[in-house]
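Chemist: Need coordinates for the below:
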Amino acid sequence: MKKLILFGCAALLAAGVSFGGVVSEDPGELSVVGQVFFPDSADCDLFKIGYGAQVAYREWFSFPWGAGLTLGVSQWQVDSKSDAFKYDMLSNYDGDVLVIPIGLALYFNVIDWDNWNLLLETGLQYAIVNSSATVFNNEPEAQKKEDVDIEGAILWNLGAEFEYMVAENMYLQVAAGYQLDLMKGDTEYAGRSVRDASFAAGYARIGAKFLF
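Modeler: Numbering: from 1, shown residues only. You can find the predicted model right below:
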């Protein structure tokens, strides 16, 4: 099912590029960006930092309003000093988690200048999660590393984006914002439920936008 969702969203992105401008007279826009996530620093947060990339397709259906599809991939590093599950018998958190967010975004163009733009963005994403995180179980009957299983999450983001034209059909993009948990990822070790994993974090992006 996860592969089907991922393939479907990738197909929609490809179709958008192929038929740019299908819902408006303006060209379609394809963005490719690198991104970094900065989770909150409290000891109840499982993650230390996340890195990844995102592809997005956008059209301006009623300028200054636009909408788009987003598809990302990121790897979140577990914080070895974390006490995310708040249980004394669990320690030495380790590993990483692969996150594949798929979603929809809404844009508002605040400033549309000759060669630069300032946008506001919000969106919802369903995050497919593949966990390689582990934790050491200090319970007398265990005394071993346990795999940490994390289910999918629903995320909501708010941000701002600056675009600067560097060629006729190409813009440099820089963005920053924050993503929140609408539904945290259900989390288990050895079949036991623990505190849900949070992907709330500030983020920064840099990349390029291409017009079609």
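
Chemist: shaky segments in the chain?
Modeler: For the chain, residues meeting the criterion pLDDT under 70 lie at 1-25.

Chemist: Could you pull out the helices in it for me?
Modeler: Taking DSSP state H as the criterion, the chain carries its helices at 2-18.

Chemist: Next up, the contacts around the residue nearest the centre of the chain.
Modeler: Centroid-nearest residue in the chain: P101, 5.1 Å away (criterion: CA atoms, centre = their mean). P101 sits next to Q54, T70, L71, G72, S74, Q125, Y126, A127, I128, L155 when contact means CB atoms under 8 Å, 6 or more residues apart in numbering. Using the backbone N, CA and C atoms, a C-beta is placed for each residue, glycine as well.

Chemist: same check, this time on D79
Modeler: D79 is in contact with P39, D45, L46, F47, K48, Y93, counting by CB under 8 Å, 6+ apart.

Chemist: ok, so what distance separates it from Y93?
Modeler: Distance, D79 to Y93, by CB to CB, to the nearest Å: 6 Å.

Chemist: How about W116?
Modeler: Using CB to CB, W116 is found at 43 Å from Y93.

Chemist: which one of the two has more residues nearby?
Modeler: Ranked by neighbour count (other CB atoms under 10 Å), W116 and Y93 place Y93 first, with 21 against 13.

Chemist: any residues in contact with both of D79 and Y93?
Modeler: When contacts are counted by CB under 8 Å, 6+ apart, D79 and Y93 have L46 as shared neighbours.

Chemist: still on that earlier bit, tabulate the contacts of D79 in TSV, adding columns for distance to A160.
Modeler: Converted to TSV, the contacts of D79 look like this (distance: CB to CB, whole Å):
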residue	distance to A160
P39	20
D45	24
L46	27
F47	23
K48	25
Y93	33
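
Chemist: out of those residues, which one sits closest to V174?
Modeler: Nearest to V174 among the contacts of D79, counting by CB to CB, is P39 at 20.9 Å.

Chemist: So the closest one sits against V78, correct?
Modeler: No: counting by CB atoms under 8 Å, P39 stays clear of V78, with 10.4 Å between them.

Chemist: Between those two, tell me which one has more neighbours.
Modeler: Higher neighbour count among P39 and V78: V78, with 23 against 20, using other CB under 10 Å.

Chemist: what's across from L120 in the sheet?
Modeler: F108, A160 (DSSP bridges).

Chemist: Now intersect the contacts of D79 with the strands, please.
Modeler: Among those, the residues falling in strands (DSSP state E) are P39, F47, K48, Y93.

Chemist: Turn these into JSON lines, columns for distance to P27.
Modeler: Compiled in JSON lines, these are given as follows (distance: CB to CB, whole Å):
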{"residue": "P39", "distance to P27": "36"}
{"residue": "F47", "distance to P27": "37"}
{"residue": "K48", "distance to P27": "40"}
{"residue": "Y93", "distance to P27": "46"}
